[in-house]
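[1] got a predicted structure here, sequence first:
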Amino acid sequence: MPKVGLVVEGGGTKIAYSAGVLKCLLEEKIYLPYAVGISSGSEVLLSYVSRQIHRLEVTGIDSASQKGAVGLIPLFKEGSIFGIEATCDYIEKKAPLDFMAFFGSETQLDIGVYDMENHKIEYFGKEYVDQSMTLVKASCALLLLAKPYKFNGKKYFDAGLVDMISIDQSIKKGCDKHLILSTKEKGYVRKPAPNWQQRLAKTVYRDQTIEENLRDRHIRYKEQWDKIDQLEREGKALVLRPEKDLGVTRYTTDPKKLKPWFELGYEETRQRLPEIRRFLETEV
């Protein structure tokens, strides 16, 4: 059987869709040997690695719906639009990570973060995940919307400034095939960062490289998808993405929207199970 990597894109609270996908995979005992994610994609992967189905629902729906998730409350309490501390605390209170199952799992995990000093994306294995969840918090610290985190002696934030989809990391880790979880519909095109956003980044970070990375982010995103499209044509990638638009954005906190979005991920994955199994079992 080929080695298949599970690559999970971020997307703020849109990650509820991917949480639904992962619930279906876990129910079907589809345990892949390697997984990699950035931003909120890393958070939902914790539950996949530890095989905690209920934790996926808490992460995808409940935590994103609590008052400290997005908006003015986290802005005043944490100095960030996204309440990373409040969200992580909520998840660990309602459905704490089973560390024994997590570290004993056969699935290896890499979490990507952006090194603010060297301007490189670094990936850390699951052995770096601890009770503080600092690595996961750093991974979720979106540019301009959250404060960076100090981890392993450096300052980091969301790797999505450069690696929006960690396909290169999955290839680097020797995976023959790649199961891609995206929160974006087919044909989605990332627009260039508006001028005001680039100016704001320059003011906040006072760093030319960060500003340049933001300016070119839409180009890299297309390059990453072009690579995935080519792998799909070669039978080496399969993309699971929403087939419907339910009006959910990365800032959505309404459980009446997030729950159907979660359920859409679950149901669409269930419908594609025969295709997924064929993909996983077929040699390249």
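    Structure's in. What do you need? Residues are numbered from 1 along each chain as shown.
[2] now do the buried residues in stretch 51-63.
    For stretch 51-63, a neighbour-count test (16 or more other CB atoms under 10 Å) marks Arg51, Gln52, Ile53, Arg55, Leu56, Glu57, Val58, Thr59, Gly60, Ile61, Asp62, Ser63 as buried. Where you see a C-beta, it was placed from the backbone N, CA and C, and this is true even at glycine.
[3] same check on stretch 259-267?
    Buried-residue list, stretch 259-267, by 16+ other CB under 10 Å: Lys259, Pro260, Trp261, Phe262, Glu263, Leu264, Gly265, Tyr266.
[4] what is the mean pLDDT for it?
    Averaged across stretch 259-267, pLDDT comes to 98.
[5] who touches stretch 47-59?
    6, 15, 19-20, 22-23, 25-27, 31, 35, 43-44, 46, 90-91, 94-95, 97-99, 101-102, 105, 107, 109, 126, 262 (CB atoms under 8 Å, 6 or more residues apart in numbering).
[6] before we move on, back to that, take the buried residues of stretch 259-267 and write them to CSV, including secondary structure.
    Compiled in CSV, the buried residues of stretch 259-267 are given as follows (DSSP: H, G, I helix; E, B strand; the rest coil):
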residue, secondary structure
Lys259, helix
Pro260, helix
Trp261, helix
Phe262, helix
Glu263, helix
Leu264, helix
Gly265, helix
Tyr266, helix
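[7] closest to Thr252 out of these?
    Trp261 (7.8 Å; CB to CB).
[8] test my guess that that closest one contacts Lys14.
    Yes - the criterion here is CB atoms under 8 Å, and Trp261 meets it with Lys14 at 7.3 Å.
[9] tell me, what's touching those two both at once?
    Val248, Thr252.
[10] check which helix or strand covers the residue nearest to Pro148 when sequence neighbours are not counted.
    Nearest residue to Pro148, sequence neighbours excluded (CB to CB, 6 or more residues apart in numbering): Phe157, at 4.2 Å. Using DSSP states H and E, Phe157 sits in strand 154-158.
[11] residue boundaries of the helices in the stretch 51-200 of the chain?
    All helices of the stretch 51-200 of the chain, identified by DSSP state H, counting those that start in this stretch, fall at 53-57, 63-65, 72-78, 84-94, 99-104, 134-139, 167-172, 195-205.
[12] do a quick rundown of the strands in this structure.
    In the chain, the segments counted as strands under DSSP state E are 4-8, 34-38, 108-115, 120-125, 149-151, 154-158, 177-181, 237-240.
[13] that's all I had, so thanks and see you.
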